[in-house]
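> please work out how this folds:
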Amino acid sequence: MSDATAFSRRDFCRKAAAAGAVAGLGLIGCSAPASAPGAPKRGWEIGCFTRPWDQHDYRTALDAIAEAGYSHAGLMTAKSPSGLVISAATTAEEAARVGEEASKRGLAIPSVYGGDIPVRESLAAGIAAMKRLIDACAAAGAASLMMGGTGDPKLNDIYYQAVAETCAYAAERRVGITVKPHGGLNATGPQCRALIAKVGHPNFRLWYDPGNILYYSEGKLDPVADAATVDGLVVGMSVKDYRPPNDVLVTPGAGQVDFKAVMARLKKGGFVSGPLVVETLSPGDLPALLREAVKAREAVEAFAAV
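From the prediction side, this is the model:
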């Protein structure tokens, strides 16, 4: 059987057996809905990703996120050789230092985006990169690893096989794995649901992104309607707005996304607590970004309270 073939029955049975071992860990990526009996009570974890400060060192982003009043910082892009705070090239020691920098600012890390994985090279290379990313997340104290998916149909099977092969590995290290709507073959809720079913592991869930639903459909798909297709899957959300004709570099609340309606529909589907992390802001210099970050936090606090 080639790397890119669909998962075998043996693989499915092995994953199903592993599911029992991880179901009780309470990970962001594999926990039952917060409303389930025995589930720990959590509130909304309001944060901001480093992305708006991607022309600066990640510590500048963490400074601003803390100063703007957030309690959580998502790690994404930053000024670095890889263009990311954490990538597959990041050592555990380097990741631990990132975690320390966040911790000393009073920031928890709900999500890390670590870039692509080299499945074009081979399944083994993709799995190895996944494990390095998971180890880096664990060292940083991050709750989950966000995957961007692939837009290449020829790589779709092997990409998600690499994810499937590392879900239990991540669960053992208390790191959830998520996919987000990100264009290509994971541009909509139904596409993401199908991919999560394909992987078939409780430690692989959805990080929702209403701004991307609009962006990748060029404004044609309503994220409120799309949110109705992902009941039971959402464990976190990128708070991202959208402004026509096709712009997501918008401070939440200043664009087209009806966040109150999106949240109402996601809550109906079981997303009643967890990370709400601002991903993009209207661009500007450092003082302007700080002002926009405060506005975004206030907007999230307002719609989360409804």
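
> any idea which element residue 264 lies in?
If you go by DSSP states H and E, residue 264 is part of helix 259-268.

> quick check: mean pLDDT across the helix or strand just after that helix?
From helix 259-268 onward toward the C-terminus, using DSSP H and E, the following helix or strand is strand 274-278. Mean pLDDT, taken over the full extent of strand 274-278, equals 98.

> distance between strand 274-278 and the chain's centre?
The gap between where strand 274-278 is centred and where its chain is centred comes out at 9 Å by Cα atoms, centre = their mean, to the nearest Å.

> again with stretch 141-158
10 Å.

> strands along the stretch 101-250 of the chain, start to end?
With strands called from DSSP state E, counting those that start in this stretch, the stretch 101-250 of the chain shows them at 112-113, 144-147, 176-179, 204-208, 234-239.

> in this protein, which residue is most central in space?
When the chain is reduced to its mean C-alpha position, the closest residue under Cα atoms, centre = their mean turns out to be residue 146, at 3.9 Å.

> in terms of contact, does that residue touch residue 111 like I think?
Yes. Taking contact to mean Cβ atoms under 8 Å, the distance of 5.1 Å between residue 146 and residue 111 places them in contact. Glycine gets a C-beta too; all of them are placed from N, C-alpha and C.

> low-confidence regions, the protein specifically.
Along the chain, the model assigns pLDDT under 70 to residues 1-41.

> just to revisit the earlier point, hey, what's in contact with both of residue 146 and residue 111?
Common neighbours of residue 146 and residue 111 (criterion: Cβ atoms under 8 Å, 6 or more residues apart in numbering): 178, 207.

> could you tell me which residues make contact with residue 127?
By Cβ under 8 Å, 6+ apart, the contact set of residue 127 is 162, 165-166.

> now the strands of the stretch 101-250 of the chain in a markdown table, with distance to residue 299?
Output for those, formatted as a markdown table (distance: least, Cβ to Cβ, whole Å):
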| stretch | distance to residue 299 |
| --- | --- |
| strand 112-113 | 22 |
| strand 144-147 | 22 |
| strand 176-179 | 23 |
| strand 204-208 | 17 |
| strand 234-239 | 8 |
